[in-house]
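K.L.:
structure for the following, please:
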Amino acid sequence: MASAAMTPLIPVYVRELGGGLVEASLAVALYNLAAALASIILGRVSDGTMERRKYVLGGFLGFTVAGVMFYYVASVTYALLASVIAGFTTALCVPIAVLLITETSSEDEWEREIGRFNRVGGLGWIAGLAVGTMWVRFSSDRELFAFSAVLGGISLTYAFTLIRDPPSREEVRVRGKLRGEGEGGRLKGKATGPFALYLASTFLMFTSTSLGYSLLPIFLRDMTATNSEVFLAYFSSSAVSAATYSRVERISRGRSFYVQRGASAGRAVILAVFALSWLMARSKDGVAAVIVAMMFSGFTWAILNVAGPAAAVRITLREKRGEAIGTYNAVVSVSSIAGSALSGVVAQNLGYPALFVSAASLALASIPLLRVVGGGVGRQQPPEGAC
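P.N.:
Residues are numbered from 1 along each chain as shown. You can find the predicted model right below:
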């Protein structure tokens, strides 16, 4: 909820402090760079340890600090620093949840459990967007950052009292509660080749996402949208995501690569709609078209959130799952850095239509790689019930 109230405003706030499109996109890029570093560090240190609590608490604390900084900053430089802190600390929390899911549930339950986790987060995101939509109508952006900091502090306090480190692997085995033991990754032995191809497809897909969506708040404002309509666009996307997670869980189960191909194609179409809206309806009608397209984008986002991490773990050996999730999230963050850093340059020099067409092309380019990796995994799956 705190993240949804804060994150969409970062590029707009940087612009209000005197930055241009390049500085606004740089704020998003730095956010994602910090998230990439956090994912790499977490992936390497989390394998072989069950000390999860300190990472989650550190994430909530850092996000609270970032909200306080945004409230007090008066220059672009300090806003960029606050963005770095927010990105680094936010990335500490999500991979831990995925690791806990894969360690405590059987493989055929991964999509369902990851979907449940994302559905809870999605409901919080919707609540944050709803608050943000109303807040900016009656108060300033700066005060909304303070509200996010308060929510972060409440989350920190609640997490401190609620979360405890799980028992060690050996203790869990002794109690007979570690389900799915003996299920290595779908690919035995060397999984480097398929995993590398999957990371390449992930890089293309999320570079496309960042390239096409990083400047969406400013794009909507340039289309005559108000701040409330900016929040409404994000709200519509998140509402559809939360409402369709249960459906995504069912269609993704055991078909992680296939459904991601469909999501990539769908997002290419959505980006094309953005381009046409700018060319043909640069008015309130165009804003409405973008908001409707964002609803469909929410469904594709739900697919990527559920199928993406599940596929990354599925083609990785058990003892490397922490590193795999860390690497996967790092690639997502690095691709977001590349896309957000380029978005301001492309939009400023070539215009919004060129920006969205380029992003759509990258989304389509990820599909052949997903087809190759998905086919390889399918051929090497064990017989039904072998695990």
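K.L.:
where does the stretch 51-200 of the chain have low pLDDT?
P.N.:
Across the stretch 51-200 of the chain, the ranges flagged by pLDDT under 70 are 51-52, 104, 136, 139-141, 163-192.
K.L.:
distance of the closest residue to Ala36 other than its chain neighbours relative to Ile325?
P.N.:
Distances taken as Cβ to Cβ, 6 or more residues apart in numbering place Ser333 nearest to Ala36, at 3.3 Å, with adjacent residues excluded. The way it works is simple: take the backbone N, C-alpha and C, and place the C-beta from them, glycine included. Relative to Ile325, Ser333 is positioned 12 Å away (Cβ to Cβ, to the nearest Å).
K.L.:
find out how far the strand or helix carrying Gly193 is from the centre of the chain, if you would.
P.N.:
Assigned by DSSP states H and E, Gly193 belongs to helix 192-213. Centroid separation between helix 192-213 and its chain, computed with Cα atoms, centre = their mean, to the nearest Å, is 13 Å.
K.L.:
oh, and call the first residue 110 from now on, that's how I've got it
P.N.:
Noted, 110 is the first residue going forward, which turns the last one into helix 301-322.
K.L.:
list the buried residues of it.
P.N.:
Buried positions in helix 301-322, judged by neighbour count with 16 or more other Cβ atoms under 10 Å: 303-304, 306-322.
K.L.:
for the residue nearest to Ala145, identify the helix or strand it belongs to.
P.N.:
helix 430-459.
K.L.:
counting by contacts, list what that helix packs against.
P.N.:
Packing contacts for helix 430-459, counted by 3 or more Cβ pairs under 8 Å, 6 or more residues apart in numbering; DSSP states H and E, involve helix 130-155, helix 203-213, helix 301-322, helix 393-423, helix 461-488.
K.L.:
dump the ones you listed to JSON lines, plus distance to Leu260.
P.N.:
JSON lines is the format used below for the helices and strands packed on helix 430-459 (distance: least, Cβ to Cβ, whole Å):
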{"stretch": "helix 130-155", "distance to Leu260": "18"}
{"stretch": "helix 203-213", "distance to Leu260": "17"}
{"stretch": "helix 301-322", "distance to Leu260": "24"}
{"stretch": "helix 393-423", "distance to Leu260": "21"}
{"stretch": "helix 461-488", "distance to Leu260": "31"}
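K.L.:
can you give me the helices in the stretch 110-259 of the chain?
P.N.:
Remark: helices assigned in the stretch 110-259 of the chain by DSSP state H, counting those that start in this stretch are 111-115, 119-125, 130-155, 162-181, 185-199, 203-213, 219-247, 250-271.
K.L.:
right, and the ones you listed - which one's nearest Leu479?
P.N.:
Shortest separation from Leu479 across these is recorded for helix 219-247, at 16.2 Å, computed as Cβ to Cβ.
K.L.:
ok so, going back, distance check, the residue nearest to Ala145 against Ala183.
P.N.:
When Ser442 is compared with Ala183 (using Cβ to Cβ), they lie 28 Å apart.
K.L.:
between these two, who's got more neighbours?
P.N.:
Taking other Cβ atoms under 10 Å, Ser442 and Ala183 do not tie; Ser442 has more neighbours (25 against 10).
K.L.:
what secondary structure does Tyr334 sit in?
P.N.:
One thing to correct before we go on: residue 334 is Ala, not Tyr. coil (DSSP: H, G, I helix; E, B strand; the rest coil).
K.L.:
please report how far it lies from Val399.
P.N.:
8 Å.
K.L.:
any idea what sits nearest Thr173, other than its immediate chain neighbours?
P.N.:
Per Cβ to Cβ, 6+ apart, closest to Thr173 is Gly261, 3.5 Å.
K.L.:
ah, wrong one, I meant Ala147
P.N.:
Ala200 (3.8 Å).
K.L.:
can you check Phe256 too?
P.N.:
That would be Ala114: by Cβ to Cβ, 6+ apart, it lies 6.1 Å from Phe256.
K.L.:
do I have it right that that neighbour meets Gly241?
P.N.:
Yes - the criterion here is Cβ atoms under 8 Å, and Ala114 meets it with Gly241 at 4.5 Å.
K.L.:
shared neighbours, these two?
P.N.:
Counting by Cβ atoms under 8 Å, 6 or more residues apart in numbering, the contacts common to Ala114 and Gly241 are Leu253.
K.L.:
from Val368, how far out is the residue nearest to Thr173?
P.N.:
From Gly261 over to Val368 (counting by Cβ to Cβ), the distance is 33 Å.
K.L.:
also Tyr180?
P.N.:
From Tyr180 to Val368 the distance is 40 Å (Cβ to Cβ).
K.L.:
can you check Gly395 too?
P.N.:
Gly395 is 30 Å from Val368, by Cβ to Cβ.
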